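J.: My questions are about this predicted structure, shown below with the sequence.
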Amino acid sequence: MRRIAERLDEKRLASSVNAEWTIAGVLGHIAFWDERARRLADRLHSGGKFSPADEEPEDVDWINDAARPLIHAIPPRALAELALRIAEETDSTVERLPDEALPKLWPADPHSPLNPTRAGHRGEHLDQIEKALASRS
């Protein structure tokens, strides 16, 4: 993610990945879901528990659709930098979870709202960005 965010200028960050998202917007989307993971991890750090309200709905399209205009309202460079900062904070927060929290995380608990491995979600979207960039080369 850092390689993409740092190598692209403002114009390239504002370019489209698909009909709905820009490159910066995809990074903002990643940041949105990383921040959710960080907030859930923070709850475990403070001794809290997950509740049914924390469960991610099976269909999250409406959440992504609702967040998209807000995400795209942030200038592309600022959004890329925010995504990097949130990714680092999320990774750090999850890495510091105590061992007793591990059974509360996915995949140990398949119903857990917290998947501590952010690489899968990030990788899926970074691949989309790279594919869009490659199609323009």
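T.: Ah, there it is.

J.: The spatially closest residue to Ser16 that is not a sequence neighbour and Glu56: what is the separation?
T.: Distance criterion CB to CB, 6 or more residues apart in numbering; nearest residue to Ser16, sequence neighbours excluded, is Thr22 at 5.8 Å. No exception for glycine: its C-beta is placed from N, CA and C like everyone else's. Per CB to CB, to the nearest Å, Thr22 is found 24 Å from Glu56.

J.: before we move on, what about Arg36?
T.: 8 Å.

J.: re earlier: pick out whichever of Thr22 and Glu56 has more residues nearby.
T.: When neighbours are counted by other CB atoms under 10 Å, Thr22 and Glu56 differ, and Thr22 comes out ahead with 22 against 14.

J.: quick one, phi psi at the more buried one?
T.: Phi and psi for Thr22, reported as degrees, to the nearest 10, are phi -90, psi 170.

J.: Isn't it up against Pro76?
T.: Yes: in this structure, Thr22 is within contact of Pro76 by CB atoms under 8 Å, at 6.8 Å.

J.: where do the contact lists of these two overlap?
T.: Listed as contacting both Thr22 and Pro76 by CB atoms under 8 Å, 6 or more residues apart in numbering are Leu13, Ala14.
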